[in-house]
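Peer 1: from the sequence below, what's the structure:
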Amino acid sequence: MIEKIIYGALSDKNDPDGSRRQKHAQIFYTARRNSKKEPFVKRIAENSGMNEKSVNKIFDHVFIEKHEIYGELRNFDSSYDMAESFRRLYEGKNILPHDLILMKHERLELELMKRYNYSQTEAHILSSTKYNYSEALNKYERERDLNGKA
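Peer 2: Just a heads-up that it's a prediction; the model follows:
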């Protein structure tokens, strides 16, 4: 079960320093690392159209495996935006284009790391040329803000 934090939609307007978003992300990532992954993977596979094997690899890549980041072997930092993308994909509601781009980006990134021995940084940069999650997220946020839905 996905734990819910009742904050409403968090943004720069209602969370200017990002502390509530960071807390939400940390709780989400910790919950994923400490829960059974099979139900989570299965639902995301169903809701994203990706196969379970790929989603399972993405889950391990994002939440479980340690990567060399800034010269240190560690888990990825928690990200509010990624947590929200995974939440929407899990719930199967209001899935946004950048949520699916995230999945494709992470799948390509881990494939480049495993198959061609790229560093995480190199794989991330290359993956972003094809599936740029940050760019897609920023585009969505700009359009949302223009439409007054922030």
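Peer 1: switch to C-alpha atoms for all contacts and neighbour counts from now on
Peer 2: Noted.
Peer 1: buried ones in stretch 68-81?
Peer 2: 76, 78, 79, 80, 81 (16 or more other C-alpha atoms under 10 Å).
Peer 1: pretty sure the second one contacts residue 24?
Peer 2: So that's residue 78. No - counting by C-alpha atoms under 8 Å, residue 78 stays clear of residue 24, with 9.1 Å between them.
Peer 1: and residue 135, how far is that from residue 73?
Peer 2: Distance of residue 135 to residue 73, given as C-alpha to C-alpha, to the nearest Å: 27 Å.
Peer 1: give me the low-pLDDT residue ranges for this structure?
Peer 2: Applying pLDDT under 70 to the chain picks out residues 1-8, 149-150.
Peer 1: what segments of it are strands?
Peer 2: 67-69, 72-74 (DSSP state E).
Peer 1: dump these to CSV, plus distance to residue 13.
Peer 2: Output for the strands of the chain, formatted as CSV (distance: least, C-alpha to C-alpha, whole Å):
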stretch, distance to residue 13
strand 67-69, 31
strand 72-74, 32
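Peer 1: nearest to residue 113 among those would be which one?
Peer 2: Residue 113 lies closest, by C-alpha to C-alpha, to one member of the strands of the chain: strand 67-69, at 10.1 Å.
Peer 1: tell me what that closest one is packed against?
Peer 2: Packing partners of strand 67-69 (3 or more C-alpha pairs under 8 Å, 6 or more residues apart in numbering; DSSP states H and E): strand 72-74, helix 120-130.
Peer 1: and the residue nearest to residue 73 when sequence neighbours are not counted, what does it touch?
Peer 2: Closest residue to residue 73 apart from its sequence neighbours, by C-alpha to C-alpha, 6 or more residues apart in numbering: residue 67 at 5.2 Å. Shown in contact with residue 67 (C-alpha atoms under 8 Å, 6 or more residues apart in numbering): 73, 74, 75, 76, 120.
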